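>>> just to be clear, the model below is a prediction. Sequence and coordinates:
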Amino acid sequence: MAETTLYEVLGVSKTASDGEIKKSYYKLAKEFHPDKNPQAEDKFKEISFAYEVLSNPEKRETYDRFGLQGLKEGGGAGGGPGFSDMFGDLFGGMFGGPFGGMGGMGGMGGRRGRRKGEDTLHPLRVTLEDLYNGKTSKLQLSKTVICTKCNGSGGKEGAMHRCRTCNGRGVKVTLRQLGPGMVQQMQSVCPDCHGEGEVINEKDKCKDCKGKKVVNQTKILEVNVDKGMRDNQKITFRWEGDQLPDMEPGDVIIVLKQQEHELYTRDGDNLYCTYNLSLTEALCGFQFTLKHLDGRDLLVKSPPGDVIHPGAVKCIKGEGMPTYKSPFDKGELLVKFDITFPPQNFAPEHKLQKLEKLLPPRPKVEIPTGEDVEEVSLVELDDTRGSGHHGGNEAYNEDSDDEGGHGPRVQCAHQ
Ligand SMILES: [Zn+2]
Ligand SMILES: [Zn+2]
């Protein structure tokens, strides 16, 4: 997006190298230094501010992409205290008002005496891989632009004249008789000038835009999806909306929409996945690979003797998502383990006795005696019978998990 004010302050082009920016800054700073030139204090501040932004690659990039607004929003990142205030002081005057949020851009109107068009939102589907690796997407968009042939006037100079139907007001007033002595007054957009208040003779109309002042254009926007960006994050293309006569064009706002990933879910900069272990692996050690978002296979190993409990969460450091604007910092990859137990009757009784010798001894259970002791049998929970008590069954399952002492881990599973 072409925001060039800061470049103009330093008298350099948008593509100027760091060296050129520095050179021009020194020259101007010398010329307007308050010691030499006390009246030029404001000018000197402007030059210093422009240099502060353009000499810093990160701020320069933010400015190129999001303009002054972007700098103000990201002001906390590197601007330090006072950055925004200074910004407001310096540029508030230049632009005729404080910089507001998305809707507050009407302030810009003060500068040119124009209203701002509506912003257009475009969703952009991205994968978790795109957000991990970064990606450039080309987005084709059709918009109206001011006709270059007539410069948006619709025809030859002076060819426009006031609409006679509405007398230049753009609205047509019709009276409708509702009954004796009752008249309803109705206002509608003037059909002859389409509400513009002025018309142009057929023969004087611009050939390119047919008097409409605007023509349709297809434009390709290059959307940089940066590493670490999030679902629903917005990328703003300033003034790329429809151009209309006497109106500041609105912004085109790309909204990232992340598709669900089959293996990983994301929370902040952390990645989560669930891995299924057999009971044998959980007790006797294991190794497996996880396909990462950049295509690497992460080899995960656990030695025999490290017992993994059902629902246990282990952390792989630095293998989470890259941090936005600081992609070398990464979050963690958290792996939650589910354990699959062996099927019913997986071994005959004499073999189970051998297995029991390997396992920790049974806890002592005191069985009371007497006629109050009644033996009952355990049966499978009948799904068909419990149809009216579905919630009850689920609660039962959760309870049993909690008793295992893995409450917090189970919560991770629900993330
Ligand atoms: Zn035209
Ligand atoms: Zn009219």
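Cool, the structure landed. Numbering: from 1, shown residues only. Ligands and ions are numbered 1, 2, ... in the order given.
>>> ligand 2 versus the closest residue to ligand 1 within the stretch 201-350 of the chain, what's the distance?
Ligand 1 sits closest to residue 206 of the stretch 201-350 of the chain, with a gap of 2.9 Å, by C-beta to the ion. Heads up, the C-betas are built off the backbone N, CA and C, glycines and all. According to C-beta to the ion, to the nearest Å, residue 206 and ligand 2 sit 19 Å apart.
>>> so what's the nearest residue to that residue once chain neighbours are set aside up against?
Using C-beta to C-beta, 6 or more residues apart in numbering and skipping the chain neighbours, the partner closest in space to residue 206 is residue 150 (3.7 Å). The neighbours of residue 150, taking C-beta atoms under 8 Å, 6 or more residues apart in numbering as the test, are 156, 206, 208, 209, 213.
>>> residue 281: neighbour count?
19 (other C-beta atoms under 10 Å).
>>> in three-state terms, how would it be classified?
Taken by DSSP: H, G, I helix; E, B strand; the rest coil, the conformation at residue 281 corresponds to helix.
>>> give the contact list for it.
Residue 281 touches residue 308, counting by C-beta under 8 Å, 6+ apart.
>>> okay, it: pLDDT?
On the pLDDT scale, residue 281 is placed at 97.
>>> next one: it from residue 304, what distance?
In this view, residue 281 and residue 304 are 10 Å apart by C-beta to C-beta, to the nearest Å.
>>> same check, this time on residue 327
Distance of residue 327 to residue 304, given as C-beta to C-beta: 38 Å.
>>> need the pLDDT of the residue of the stretch 201-350 of the chain closest to ligand 1.
Residue 206 is assigned a pLDDT of 91 by the prediction.
>>> check residue 66 too.
Per-residue pLDDT puts residue 66 at 74.
>>> sec struct for residue 337, please.
Quick answer, by three-state DSSP: residue 337 is strand.
>>> and the spatially closest residue to residue 250 that is not a sequence neighbour, how far is that from residue 380?
Sequence neighbours aside, residue 241 is the residue nearest to residue 250 in space, at 3.3 Å (criterion: C-beta to C-beta, 6+ apart). Remark: distance between residue 241 and residue 380 (C-beta to C-beta) = 63 Å.
>>> so for these two, which sits in the more crowded spot?
Taking other C-beta under 10 Å, residue 241 and residue 380 do not tie; residue 241 has more neighbours (22 against 5).
>>> I'd say the more buried one and residue 144 touch.
No: between residue 241 and residue 144 there is no contact under C-beta atoms under 8 Å: 9.2 Å.
>>> what about the helices in the stretch 301-415 of the chain?
Per DSSP state H, counting those that start in this stretch, the stretch 301-415 of the chain carries helices over the ranges 349-358, 390-403, 407-413.
>>> now swap in the chain and tell me
Ranges of helices within the chain are 5-10, 18-32, 41-54, 57-73, 75-78, 83-95, 106-112, 128-133, 279-284, 349-358, 390-403, 407-413, based on DSSP state H.
>>> report all helices and strands that the longest one contacts.
Read that as helix 57-73. Secondary-structure packing of helix 57-73 (3 or more C-beta pairs under 8 Å, 6 or more residues apart in numbering; DSSP states H and E): helix 5-10, helix 41-54, helix 75-78, helix 83-95, strand 234-237.
>>> what mean pLDDT does the third one get?
Meaning helix 75-78. Mean pLDDT, helix 75-78: 38.
>>> which one's more surrounded, residue 327 and residue 304?
Between residue 327 and residue 304, residue 327 has the larger neighbour count (other C-beta under 10 Å), namely 15 against 10.
>>> can you name the residues that contact that one?
Contacts for residue 327 (C-beta under 8 Å, 6+ apart) come out as 134, 226, 227, 228.
>>> ok, of those, which come out buried?
Using 16 or more other C-beta atoms under 10 Å as the burial test, the contacts of residue 327 include 226, 227, 228 as buried.
>>> for stretch 256-271, give me every contacting residue.
By C-beta under 8 Å, 6+ apart, the list of residues contacting stretch 256-271 reads 123-129, 131, 225, 228-235, 272-273, 290-291, 293, 319-323, 329-334, 415.
>>> let's see 7 Å
123-128, 131, 225, 229, 231-233, 272-273, 320-321, 323, 330-334, 415 (C-beta atoms under 7 Å, 6 or more residues apart in numbering).
>>> could I get the contacts of residue 327 as TSV with distance to residue 298 and pLDDT?
Conversion of these to TSV gives the following (distance: C-beta to C-beta, whole Å; pLDDT from 0 to 100):
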residue	distance to residue 298	pLDDT
134	20	97
226	23	97
227	18	98
228	19	97
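>>> among those, which are within reach of ligand 1?
Subset of the contacts of residue 327 in contact with ligand 1: empty, counting by C-beta under 5 Å from the ion.
>>> need these in CSV (columns: distance to residue 51).
Listed next are the contacts of residue 327 as CSV, based on distance: C-beta to C-beta, whole Å:
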residue, distance to residue 51
134, 29
226, 25
227, 28
228, 29
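>>> nearest to ligand 2 among those residues?
Ligand 2 lies nearest to residue 226 out of the contacts of residue 327, by C-beta to the ion, at 48.8 Å.
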